[in-house]
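*Asks:* Sequence and computational prediction follow.
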Amino acid sequence: MHWLANKIAAHGDSMKAGDIILAGSFTRPLWVYKGDTVHADYGPLGPSHAASSRTRKS
């Protein structure tokens with residue numbers, strides 16, 4: 001985050017609380033809500049599994 005903040009500051013921009021940062025994802029962003037479970041299988045890279053138990057504060 002520190003590197004990114006400095007990099008975009010050099011272009012006159014900034015990060016704000018609540019900004020969403022995707023760090024090199026090769027899948028599309030996906031909103032996850034309380035109680036959702038997400039499973040992704042990346043073949044030779046292996047599977048990923050996450051369960052949400054909190055809601056995002058507005």
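*Replies:* Good, I have the coordinates.
*Asks:* make it CA atoms for all contacts and neighbour counts henceforth
*Replies:* Fine.
*Asks:* any idea where the helices of this protein begin and end?
*Replies:* Counting by DSSP state H, the chain has helices at residues 2-9.
*Asks:* quick one: low-confidence ranges for it?
*Replies:* Low-confidence segments of the chain (pLDDT under 70): 25, 54-58.
*Asks:* all strands of it, in order?
*Replies:* Under the criterion DSSP state E, strands of the chain are mapped to 37-41, 47-51.
*Asks:* so His49 touches Val38, yeah?
*Replies:* Yes: using CA atoms under 8 Å, His49 is in contact with Val38, at 5.7 Å.
*Asks:* In the protein, which residue is most central in space?
*Replies:* Nearest to the mean C-alpha position of the chain, counting by CA atoms, centre = their mean, stands Leu22 at 4.7 Å.
*Asks:* tell me the phi and psi of that residue?
*Replies:* Backbone geometry at Leu22, expressed as degrees, to the nearest 10, gives phi -100, psi 120.
*Asks:* so what's it up against?
*Replies:* With contact set as CA atoms under 8 Å, 6 or more residues apart in numbering, Leu22 has no partners.
*Asks:* Give me the distance between it and Leu4.
*Replies:* Distance, Leu22 to Leu4, using CA to CA, to the nearest Å: 11 Å.
*Asks:* for His49, same thing?
*Replies:* Separation of His49 from Leu4 (CA to CA): 27 Å.
*Asks:* and if you look at Asp41?
*Replies:* From Asp41 across to Leu4, the span is 29 Å (CA to CA).
*Asks:* One more: Arg28?
*Replies:* Arg28 is 20 Å from Leu4, where distance means CA to CA.
*Asks:* Could I get the strands of the chain in a markdown table, plus columns for distance to Gly18?
*Replies:* Converted to a markdown table, those look like this (distance: least, CA to CA, whole Å):
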| stretch | distance to Gly18 |
| --- | --- |
| strand 37-41 | 22 |
| strand 47-51 | 21 |
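*Asks:* Many thanks, I have nothing further to ask.
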